[in-house]
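*Asks:* coords please:
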Amino acid sequence: MEGAMIIIVLGMHRSGTSLVSSILHAMGVCMGDPIHLERRDPQSQPQGYWEDQDFVALNRQIIKAAGGHWHNPPTRESILRAARRWAPEMEALIAEKEEGVRKINEAGKALTGAPQHIGWGWKDPRSCLTMEAWWNHLADADVRFVRVRRKAPAIVDSLILRGEQLGGLPAGEQAESWLPIITAHENRITNFFIRSGKAEASVEAHFEHLVRKDDALVPLTKIATLLGLEGEEFIEAIQRGMERIEFRG
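*Replies:* Predicted structure coming up:
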C-alpha cells in the first residue's frame, strides 16, 4: 500500500489517548472528521474524545463478534477470527480515509501551495485489542505509533469517575478488578509490537509527563520527531502541542 503517513494512538481507556490524539491533530495529522473529534462529555471528557467514530464502530463490532467487550477482552485468536468477517469494511475504511486526506491536501495545495495534513490516523482505545487485525490491511503502509501510558491507579480512578461498572461492584471495590483489564490491554500492545516488528516505528508518551509543564517538552519532541518534522515546522508543532494541554503542575 502506498499513501500518506498513518499515525495510530494505542493506549488503555482513560490513559490520555484523547489528549495525544488532539496533539497529533494540532501538529498536522488528520485524526478524523471534526464532527467526530469534537464529541465530548462535560464531566469526563470536557476537551473532547478526539476519536474517529468510524474506527470506533468497527472495533466495537469486531470485539462483540469475538464474544467480548473491552471490559472483558476476547482472546487474540477470537478477535482475528471475528475480524475476517469485517475485512472488506476495514479495507474500505482505510481506503476512504486515505482518499479523503489526499483530496484535502490537493485542495490545500491549490489554495496555499502546501498540503493541509502531513498524514492521517486514528485513536480508539479498543485498538489495543484489534490492532493485529487492522495490521493485516496496513502492513505495507507507512504506519507509526504513539503508545500512551498512565499509572494504573490513576486509570482506575478515572474509569470509576466516568461511571464505568464491573459486575455491579461498588466503586470502592472495583480497583482490584480493573487492574487485570489494564494489564491485558498493555500486553496486547506489547505483543503486537513484537509480532509486527513495529516497536522502532513508535514512541511512548506518559500522561503524567504530558500534563506537567516542566516535563511536557520531552514527549512532545518525541511525537514531532516521529512525524518527521524539522526546522520551523518542528518548532511550530511543539508550540501547537503545548497549546492543547491543560497543565496540572
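*Asks:* all contacts plus neighbour counts: C-alpha atoms, from now on.
*Replies:* Fine.
*Asks:* run a quick check on I155 versus T17, I expect a contact.
*Replies:* No: using Cα atoms under 8 Å, I155 is not in contact with T17, being 11.6 Å away.
*Asks:* now do H71 against E164, distance only.
*Replies:* 9 Å (Cα to Cα, to the nearest Å).
*Asks:* list the buried ones in stretch 209-219?
*Replies:* 209-211, 216-217, 219 (16 or more other Cα atoms under 10 Å).
*Asks:* the bottom helix or strand of the chain by mean pLDDT?
*Replies:* Across the helices and strands of the chain, mean pLDDT, DSSP states H and E gives its lowest value to helix 34-37, namely a mean of 78.
*Asks:* which SSE is immediately downstream of it?
*Replies:* helix 53-65 (DSSP states H and E).
*Asks:* that following helix packs against which elements?
*Replies:* Secondary-structure packing of helix 53-65 (3 or more Cα pairs under 8 Å, 6 or more residues apart in numbering; DSSP states H and E): helix 76-85, helix 127-135.
*Asks:* okay, the ones you listed, which one's buried deepest?
*Replies:* Among those, the stretch with the highest mean neighbour count (mean count of other Cα atoms under 10 Å) is helix 127-135, at a mean of 23.
*Asks:* which strands or helices does that helix pack on?
*Replies:* Using 3+ Cα pairs under 8 Å, 6+ apart, helix 127-135 is in contact with helix 53-65, helix 76-85, helix 175-196.
*Asks:* please identify the most buried of those.
*Replies:* Note that of the helices and strands packed on helix 127-135, helix 53-65 is the most buried (mean count of other Cα under 10 Å), with a mean of 19.
*Asks:* the inter-axis angle of that one versus helix 127-135?
*Replies:* Counting by axes from the mean of the first three to the mean of the last three Cα atoms, to 10 degrees, helix 53-65 lies at 100 degrees to helix 127-135.
*Asks:* what does helix 53-65 contact?
*Replies:* 36, 69-70, 73-74, 79, 82-83, 86, 90, 93, 122, 124, 126-127, 129-130 (Cα atoms under 8 Å, 6 or more residues apart in numbering).
*Asks:* pretty sure F234 contacts I223?
*Replies:* No: look at F234 against I223 with Cα under 8 Å: they stay out of range, at 10.0 Å.
*Asks:* which of these two has more neighbours?
*Replies:* More neighbours surround I223 than the other of F234 and I223, with 26 against 18 (other Cα atoms under 10 Å).
*Asks:* thanks again, I'm all set now.
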